[in-house]
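Build the 3D model from these lines:
(chains A and B)
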There are 2 protein chains.
Amino acid sequence: MSGEIKALIFDVFGSVVDWRSGIIREGEAVGRRLGIDADWAAFADGWRSLYQPAMQRIRDGGRGFVKLDVLHRENLVEMLEKFGIDGLTEAGIDDFNLAWHKLDPWPDSVEGLTRLKSKYIIATQSNGNVALMVNMAKRAGLPWDVILGAEVVGHYKPQPQSYLNACDMLGLAASQVMMAAAHNADLVAASECGLRTAFFARNDNGPGQTTDLAAEHDFDCVASDIIDLARQLGC
Amino acid sequence: MSGEIKALIFDVFGSVVDWRSGIIREGEAVGRRLGIDADWAAFADGWRSLYQPAMQRIRDGGRGFVKLDVLHRENLVEMLEKFGIDGLTEAGIDDFNLAWHKLDPWPDSVEGLTRLKSKYIIATQSNGNVALMVNMAKRAGLPWDVILGAEVVGHYKPQPQSYLNACDMLGLAASQVMMAAAHNADLVAASECGLRTAFFARNDNGPGQTTDLAAEHDFDCVASDIIDLARQLGC
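Numbering: from 1, shown residues only, chains lettered A, B, ... in the order given. Reported below is the predicted structural model:
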């Protein structure tokens, strides 16, 4: 199998980086600066819960494409109102919104990606925009060969064009590209476009997580983490 | 000056890699396979001379955007006809066209870019398409943080949108981005968009080169090569 694969494209939020701990950490820092207490875990989960609906309006054609930083900021304003947090300036909200640029990688991510990079093209296939992915990669040491994903291809996952345009930009057939993620639905959508698939579970949604704890479909590769994925692919 | 700069975006053909030697080398290899003699330097110069006119039709709106691999292949077919070379199959022409993916870096490029990467975002700002830039970088060891350029931003240089969209994708103001190139016209166009500029001369057009042998405008930085540029920018 690995002989045909030329590139791996990765989901990032939850799969490569731990979004939830990072958002909670930034929320706690904001709380300390404002001198307020809040349930920052609930805040993080609420902020994340607005993510799919915001993209869905764009997928449905009800809104033109806007980058994720914009959607995240709109959702942040909604969350601040919901939690009754009104002490932030516009610049303070901008700064809080950059929490998504400062997420930490899972412990195996940098080593696993570095090993994969020795043999394959490795790319982001995230709904995050370019600046978000670049700033995150610089801070976290993620050694991407190329930043692809929603802003570059003009479509949010799981729309087929998001996967197919990524393959086209790499100059590869879908069968030469493996989508890697900790989320079953992302991989099913990629598989339906002809891509290879690799699953590794993450507890990215915190203690209450009930989905994506295991592979639920017949993916090409099921690994324990990205280092194990690299090993299975001969790196 | 360097305190405001967050990213450097690079012209690639001629500035970071030696296109002419690479194309001549691939031409000679094709000639050996076909058992023919040709003036491969003239072939390389001719192929390159069709580059700007092909993009100009797209800049002028006479043709929708197509990636450079496609333009290069059309121009290659024209050159093969002009030189009376008819021994290549369609797959052989495809393969010859990949010569642009296999260009060697100038001796200072990898070290210079690696040093700059320690402090700045470094990106391609090339008219080359994504697959071309990625394949070139993998082979040559060019450590880009992100592949930008024509295919990603949808415009060929020197159109203003090519520079402005690159800054927007990086989430930066034009004044925070430095365009680096061995070509005066590229830098003048970037400067008119508000970007910072860095010039370093290359003899990328061979022994007959008469232009771009020195900086002809008041650029923010004039360096002897990319290592010198890194040094001037504190890396």
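
Next up, the contacts around the residue of chain A most remote from its centre.
Most distant from the centre of chain A: A:G35, at 30.9 Å, with distances by C-alpha atoms, centre = their mean. Contact criterion C-beta atoms under 8 Å, 6 or more residues apart in numbering or on different chains gives no residues in contact with A:G35. (Each C-beta comes from the backbone N, C-alpha and C, glycine too.)

for A:E192, same thing?
A:P160.

Could you double-check that A:I85 sits in contact with A:L34?
Yes - A:I85 lies in contact with A:L34 (C-beta atoms under 8 Å); the separation is 7.1 Å.

can you tell me which residues contact A:N184?
By C-beta under 8 Å, 6+ apart, the neighbours of A:N184 are A:199, A:211-212, A:215-217.

again, only using 6 Å
Neighbouring residues of A:N184 by C-beta atoms under 6 Å, 6 or more residues apart in numbering or on different chains: A:212, A:216.

Strands of chain A, start to end?
A:7-10, A:121-124, A:146-147, A:177-181, A:196-200, A:221-223 (DSSP state E).

Rebuild these as JSON lines, extending it with distance to B:L170, mean pLDDT and mean neighbour count.
Below are the strands of chain A laid out as JSON lines (distance: least, C-beta to C-beta, whole Å; pLDDT from 0 to 100; neighbours: other C-beta atoms under 10 Å in any protein chain shown):
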{"stretch": "strand A:7-10", "distance to B:L170": "21", "mean pLDDT": "98", "mean neighbour count": "26"}
{"stretch": "strand A:121-124", "distance to B:L170": "15", "mean pLDDT": "98", "mean neighbour count": "25"}
{"stretch": "strand A:146-147", "distance to B:L170": "10", "mean pLDDT": "98", "mean neighbour count": "28"}
{"stretch": "strand A:177-181", "distance to B:L170": "25", "mean pLDDT": "98", "mean neighbour count": "28"}
{"stretch": "strand A:196-200", "distance to B:L170": "30", "mean pLDDT": "98", "mean neighbour count": "23"}
{"stretch": "strand A:221-223", "distance to B:L170": "33", "mean pLDDT": "98", "mean neighbour count": "19"}
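
Show me what A:I9 bridges to in the sheet.
Under the criterion DSSP bridges, A:I9 forms beta bridges with A:A123, A:M179.

what's the spacing between it and A:C235?
Noted for A:I9: a distance of 16 Å to A:C235, by C-beta to C-beta, to the nearest Å.

Dump stretch A:184-198 to CSV, restricted to CA.
Written as CSV, here are the backbone C-alpha positions of stretch A:184-198 (Å, rounded to 0.1, in the frame of the first residue of the first chain):
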residue,chain,number,x,y,z
ASN,A,184,-14.0,9.2,11.4
ALA,A,185,-16.3,11.5,9.4
ASP,A,186,-13.3,13.4,7.9
LEU,A,187,-11.8,10.1,6.7
VAL,A,188,-15.1,8.8,5.3
ALA,A,189,-15.5,11.9,3.3
ALA,A,190,-11.9,11.6,2.0
SER,A,191,-12.4,8.0,1.2
GLU,A,192,-15.4,8.8,-0.9
CYS,A,193,-13.2,11.0,-3.0
GLY,A,194,-10.7,8.1,-3.6
LEU,A,195,-8.1,9.1,-1.1
ARG,A,196,-6.3,6.6,1.2
THR,A,197,-7.1,7.0,4.9
ALA,A,198,-5.3,6.7,8.2
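
Pull the distance from it to the chain's centre.
Centroid separation for stretch A:184-198 versus its chain: 15 Å, with C-alpha atoms, centre = their mean, to the nearest Å.

Give me the distance between the residue nearest to A:W106 when sequence neighbours are not counted and chain B.
With C-beta to C-beta, 6 or more residues apart in numbering or on different chains as the criterion, A:W106 has its nearest non-adjacent residue at 5.8 Å, and that residue is A:D18. In this view, A:D18 and chain B are 22 Å apart by C-beta to the nearest C-beta, to the nearest Å.

what do you get for A:A137?
7 Å.

Skipping adjacent residues, who's closest to that residue in space?
Using C-beta to C-beta, 6+ apart, the closest residue to A:A137 is A:W144 (5.6 Å).

can you list the residues of chain A near chain B?
A:121, A:130-131, A:134, A:145-147, A:152, A:169-171 (C-beta under 6 Å from any C-beta of the partner chain).

I'd assumed A:N129 was in contact with A:V12.
No - using C-beta atoms under 6 Å, A:V12 is not in contact with A:N129; the gap is 11.3 Å.

Show me the shaky parts of chain A.
A:1-3 (pLDDT under 70).

Can you give the domain ranges for it?
Domains of chain A are assigned by automatic domain parsing as A:7-18+A:103-232, A:19-102.

what about the longest one, distance to the chain center?
Meaning domain A:7-18+A:103-232. For domain A:7-18+A:103-232, the distance to the chain centre is 8 Å (C-alpha atoms, centre = their mean).

The last one too?
The gap between the average C-alpha position of domain A:19-102 and the chain average comes to 15 Å, counting by C-alpha atoms, centre = their mean.

circling back: from the residues of chain A next to chain B, which land in helices?
Among those, the members falling in helices (DSSP state H) are A:130-131, A:134, A:152, A:169.

Any chance of those residues in CSV with neighbour count as columns?
Converted to CSV, those look like this (neighbours: other C-beta atoms under 10 Å in any protein chain shown):
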residue, neighbour count
A:V130, 28
A:A131, 23
A:V134, 25
A:V152, 27
A:M169, 21
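
thinking again about what came up before, between A:I85 and A:L34, who's got more neighbours?
Higher neighbour count among A:I85 and A:L34: A:I85, with 19 against 14, using other C-beta atoms under 10 Å in any protein chain shown.

Find the nearest non-adjacent residue to A:S118, please.
In space, A:S118 is closest to A:C235, 5.7 Å off (C-beta to C-beta, 6+ apart).

ok, back up a step: looking at the ones in helices among the residues of chain A next to chain B, which two lie furthest apart in space?
Using C-beta to C-beta, the two most remote members of these are A:A131 and A:M169, lying 18.4 Å apart.
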